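**Q** 3D, please:
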Amino acid sequence: MGLFLFILKKMKDTSIIQSRIILCHRLAAIAKSYNYTQDEIAEASGLSRITINRIFQGKFAPTLDTFLKICQAIDANVIVEDGCSD
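**A** Residues are numbered from 1 along each chain as shown. Next up is the predicted model:
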């Protein structure tokens with residue numbers, strides 16, 4: 001399966017809530033682009049399909065552990081950057 005990257009940058013003009021929603025929508029888009037169903041992700045992650053759906057819609061704030069379970073289920077890597085340009 002392909003390599004997925006999530007880049008979280010420190011954004012001065014973006015609230016935590018907006019960042020969470022963007023991240024959840026991005027996670028959903030990546031899963032969809034590789035034709036993962038929510039049922040498949042739920043089974044692989046040990047989460048319910050309803051939980052996956054709520055996360056993908058940005059209606060539920062996943063814990064870091066939950067987020068990482070979903071990333072693992074779709075073979076995604078997570079990269080965190082500090083947003084500083086050197």
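**Q** Show the subsequent helix or strand relative to the helix or strand in which residue 31 is found.
**A** Per DSSP states H and E: residue 31 is located in helix 16-33. Following helix 16-33 in sequence order, the next helix or strand is helix 38-45 (DSSP H and E).
**Q** And that next one, what does it pack against?
**A** Here helix 38-45 touches helix 49-56, helix 64-73, going by 3 or more CB pairs under 8 Å, 6 or more residues apart in numbering; DSSP states H and E. Every C-beta, even on glycine, is put in place using the N, C-alpha and C of the backbone.
**Q** Tell me the spacing between the most centrally placed residue in the chain and residue 37.
**A** Residue closest to the average C-alpha location in the chain (CA atoms, centre = their mean): residue 27, at 3.5 Å. Distance, residue 27 to residue 37, by CB to CB, to the nearest Å: 14 Å.
**Q** same question, residue 50
**A** 14 Å.
**Q** now residue 15
**A** Relative to residue 37, and taking CB to CB, residue 15 is found at 31 Å.
**Q** hang on, the earlier thing: please tabulate the helices and strands packed on helix 38-45 in CSV, including the columns mean neighbour count, distance to residue 21 and mean pLDDT.
**A** CSV is the format used below for these (neighbours: other CB atoms under 10 Å; distance: least, CB to CB, whole Å; pLDDT from 0 to 100):
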stretch, mean neighbour count, distance to residue 21, mean pLDDT
helix 49-56, 18, 10, 96
helix 64-73, 16, 13, 93
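**Q** out of those helices, which comes closest to residue 32?
**A** helix 49-56 (8.7 Å; CB to CB).
**Q** pLDDT score for residue 15?
**A** You'll see residue 15 listed with a pLDDT of 76.
**Q** do the same with residue 12
**A** Confidence score, pLDDT, at residue 12: 54.
**Q** which of residue 15 and residue 37 has more neighbours?
**A** residue 37 (12 against 9; other CB atoms under 10 Å).
**Q** Mind putting the helices and strands packed on helix 38-45 into JSON lines with distance to residue 80?
**A** Compiled in JSON lines, those are given as follows (distance: least, CB to CB, whole Å):
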{"stretch": "helix 49-56", "distance to residue 80": "19"}
{"stretch": "helix 64-73", "distance to residue 80": "11"}
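**Q** Alright, that wraps it up for me.
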